[in-house]
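**Student:** with the input below, show me the fold.
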Amino acid sequence: MAKPIVAVVGRPNVGKSTFFNKICGERISIVDDAPGVTRDRIYADAEWAGREFTLIDTGGLDPKSEDVFQTEIALQADIAMEMADVIVMLVDGKSGITLADEMLAKRLRKKSTPVVLVVNKLDRFDVSDTFEFYSLGLGTPFPLSCEQSKGIGDVLDEIKSHFPPANENEEEDGILKIAIVGRPNVGKSSIINRLLGEKRVVVSNVEGTTRDSVMVPFKYNKKKYYLVDTAGLRRSRGVERESVEGYSVLRTMRAIEKADVVVVVVDANSRLTEQDVRIAGFVHEAGKPSIIAINKIDLFEGDRDQILKGLDRDLAFMDYYLPVFVSALKGTRVGDIMPSVLTAYEHGATRIKTGILNEMLSDALINFEPPSKGGRKAKIKYITQASALPPTFILFTNDAKLINFSYLRYLENRFRERIDFSGTPIKFVVKSKEEE
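**Tutor:** Next up, the predicted model:
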């Protein structure tokens, strides 16, 4: 299911980035609120008391600032708050309430989204120092000292109490959800319009489980499907141009998370960009079946093999990709998208009998034995399939630490030779026998 989103907002220098790092881990080192510094590090996944969520850091909001970036920072915060399931407003307990705090609180009081007011920098951790912040009209202020890690648990408990139930609004009707993702100007909207417009079966927009996306129903071969559409696709072009890339990426990640299958759209007329590869990487890491829709092929004058060689090079981490050449503008081969989507999903849902799995494993072991280290030889005793979507296999060994990435890559290649897993990642989990 989609993880709840928690947005952290406040004026500059109240400790937002420190709070962010405390929750998400010191490996995330946001030390400056300036746009460009945070880039892809403005959000991260976290977990508290068994619930996973996504935390968003935002720049400092100061309506009186003459900083040329303040308009963009404010836009970032607006997007974050719009997407959030819970908003955390951080204030500075040492300096007290400022005009910027009052202006932000006034905006937050108008929102239906739950707000958790947190008073940071209370090194004495005296609850009485929070009393003046009741005047902001945002409920009980929670004391916090990020530097001393005091009060974080209580704040997280309060945040978690506002999360929707784990199964709320989840689609249980078995309808396949398809996300169309890609960087700007590759033709996502045109492909969506082709998929929807040709069949003319859109009846309404059904709100999704989060504020940043909607489920758009359509039919293919008399069967109902959903397109997972992000709010970004529905924004005005001006707003989209001003939006920071990191937030666009976050919306993309949310769409990927909600989808059963993902269509990654790229431009046939340019080499894959860093953003193209990053989006494909999100799909791969999420374990989703996918296809690569190579759009604008009508404008491409070279050999299509050149495109495929480029994809092989840039998407080496997902060499199982399924390519489809299309022209959304002219409608060329757009009809190939849905059959490829269904093929990728079918391969991702593959389940293999344990007997066949162990036969495949035995053949692989005979051809190339597992590695050894320090005189200790790895032995893989047997294999089972734990789940599908993506197909996930558990290898039981005498010592899990002896099985390295290279050997798992070898096993994956051998398995793919025997079973058609095109369009889907597969995963291997290595366990020592005593972990069974």
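**Student:** and stretch 291-305, what's buried?
**Tutor:** Going by neighbour count (16 or more other Cβ atoms under 10 Å), the buried part of stretch 291-305 is 291, 292, 293, 294, 295, 296, 297, 298, 300. (Glycine included, C-beta is placed from N, CA and C.)
**Student:** my bad, stretch 367-374
**Tutor:** The neighbour-count check on stretch 367-374 (16+ other Cβ under 10 Å) flags residue 370 as buried.
**Student:** which residues are in contact with residue 312?
**Tutor:** residue 319 (Cβ atoms under 8 Å, 6 or more residues apart in numbering).
**Student:** could you say which helix or strand holds it?
**Tutor:** Per DSSP states H and E, residue 312 falls inside helix 304-314.
**Student:** next, the buried residues of that helix.
**Tutor:** Going by neighbour count (16+ other Cβ under 10 Å), the buried part of helix 304-314 is 307, 311, 314.
**Student:** for stretch 414-429, same thing?
**Tutor:** Neighbour-count burial for stretch 414-429 flags 414, 415, 419, 421, 422, 423, 424, 425, 426, 428 (criterion: 16+ other Cβ under 10 Å).
**Student:** check the offset of it from the chain's centre.
**Tutor:** In terms of Cα atoms, centre = their mean, to the nearest Å, the centre of stretch 414-429 is found 23 Å from the chain centre.
**Student:** quick check: the gap between the nearest residue to residue 133 once chain neighbours are set aside and residue 326.
**Tutor:** Using Cβ to Cβ, 6 or more residues apart in numbering and skipping residues adjacent in sequence, the residue nearest residue 133 is residue 141, 4.0 Å away. Remark: distance between residue 141 and residue 326 (Cβ to Cβ, to the nearest Å) = 54 Å.
**Student:** more neighbours: those two, which one.
**Tutor:** Neighbours were counted for residue 141 and for residue 326 using other Cβ atoms under 10 Å; residue 326 has more, 26 against 23.
**Student:** against residue 178, how distant is that one?
**Tutor:** Separation of residue 326 from residue 178 (Cβ to Cβ): 15 Å.
**Student:** then residue 138?
**Tutor:** For residue 138, the distance to residue 178 (Cβ to Cβ) stands at 39 Å.
**Student:** more neighbours, the two?
**Tutor:** The neighbour count for residue 138 versus residue 178, taken as other Cβ under 10 Å, is higher for residue 178 (27 against 19).
**Student:** looks to me like the more buried one is in a strand.
**Tutor:** Yes - using DSSP: H, G, I helix; E, B strand; the rest coil, the assignment for residue 178 is a strand.
**Student:** give the contact list for the closest residue to residue 412 other than its chain neighbours.
**Tutor:** Spatial nearest neighbour of residue 412, chain neighbours left out: residue 426 (6.1 Å); criterion: Cβ to Cβ, 6+ apart. Contact analysis of residue 426 by Cβ under 8 Å, 6+ apart lists 390, 391, 392, 393, 412, 415, 416.
**Student:** wait, doesn't the third one sit right on residue 384?
**Tutor:** Okay, so that is residue 392. No - using Cβ atoms under 8 Å, residue 392 is not in contact with residue 384; the gap is 9.9 Å.
**Student:** show me where the stretch 1-150 of the chain has its helices.
**Tutor:** 16-24, 70-83, 99-109 (DSSP state H, counting those that start in this stretch).
**Student:** what's the closest of the ones you listed to residue 115?
**Tutor:** The minimum distance between residue 115 and these falls on helix 99-109, with 5.0 Å, by Cβ to Cβ.
**Student:** was I right about residue 59 contacting residue 78?
**Tutor:** No - Residue 59 is beyond contact range of residue 78, at 11.5 Å (criterion: Cβ under 8 Å).
**Student:** so who does residue 98 touch?
**Tutor:** Taking Cβ under 8 Å, 6+ apart, we find residue 98 in contact with residue 11.
**Student:** from residue 14, how far off is it?
**Tutor:** To residue 14, residue 98 is 10 Å away according to Cβ to Cβ.
**Student:** go on, residue 337?
**Tutor:** Note on residue 337: its distance to residue 14, by Cβ to Cβ, is 47 Å.
**Student:** looking at these two, which one has more neighbours?
**Tutor:** More crowded of residue 337 and residue 14, by other Cβ under 10 Å: residue 14, with 28 against 22.
**Student:** so that one sits against residue 90, correct?
**Tutor:** Yes - shown here, residue 14 and residue 90 form a contact pair, counting by Cβ under 8 Å, at 4.6 Å.
**Student:** so what sits against both of the two?
**Tutor:** With Cβ under 8 Å, 6+ apart, residue 14 and residue 90 have common neighbours residue 120.
**Student:** residue 23 reaches residue 46, doesn't it?
**Tutor:** Yes - contact criterion Cβ under 8 Å: residue 23 and residue 46 qualify, at 5.1 Å.
**Student:** which residues are in contact with the residue nearest the centre of the chain?
**Tutor:** Nearest to the geometric centre of the chain sits residue 253, at 3.0 Å (Cα atoms, centre = their mean). Shown in contact with residue 253 (Cβ under 8 Å, 6+ apart): 282, 286.
**Student:** so it: helix, strand or coil?
**Tutor:** Reduced to three states by three-state DSSP, residue 253 is helix.
**Student:** now do the contacts for residue 357.
**Tutor:** By Cβ under 8 Å, 6+ apart, the residues touching residue 357 are 383, 384, 385, 393.
**Student:** with residue 406 instead?
**Tutor:** With Cβ under 8 Å, 6+ apart as the criterion, the residues that contact residue 406 are residue 371.
**Student:** the helix or strand containing it: what's the following helix or strand?
**Tutor:** According to DSSP H and E, residue 406 maps onto helix 405-418. Note on helix 405-418: by DSSP H and E, the next helix or strand toward the C-terminus is strand 427-432.
**Student:** tell me which other helices or strands that next one touches.
**Tutor:** Packing contacts for strand 427-432, counted by 3 or more Cβ pairs under 8 Å, 6 or more residues apart in numbering; DSSP states H and E, involve strand 392-397, helix 405-418.
**Student:** tell me which stretches of the stretch 151-300 of the chain form helices.
**Tutor:** Along the stretch 151-300 of the chain, the segments classed as helices by DSSP H, counting those that start in this stretch run 152-161, 188-197, 237-242, 245-258, 274-285.
**Student:** could you dump those helices into TSV with distance to residue 107 and mean pLDDT added?
**Tutor:** TSV is the format used below for those (distance: least, Cβ to Cβ, whole Å; pLDDT from 0 to 100):
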stretch	distance to residue 107	mean pLDDT
helix 152-161	19	96
helix 188-197	31	83
helix 237-242	18	39
helix 245-258	18	72
helix 274-285	31	92
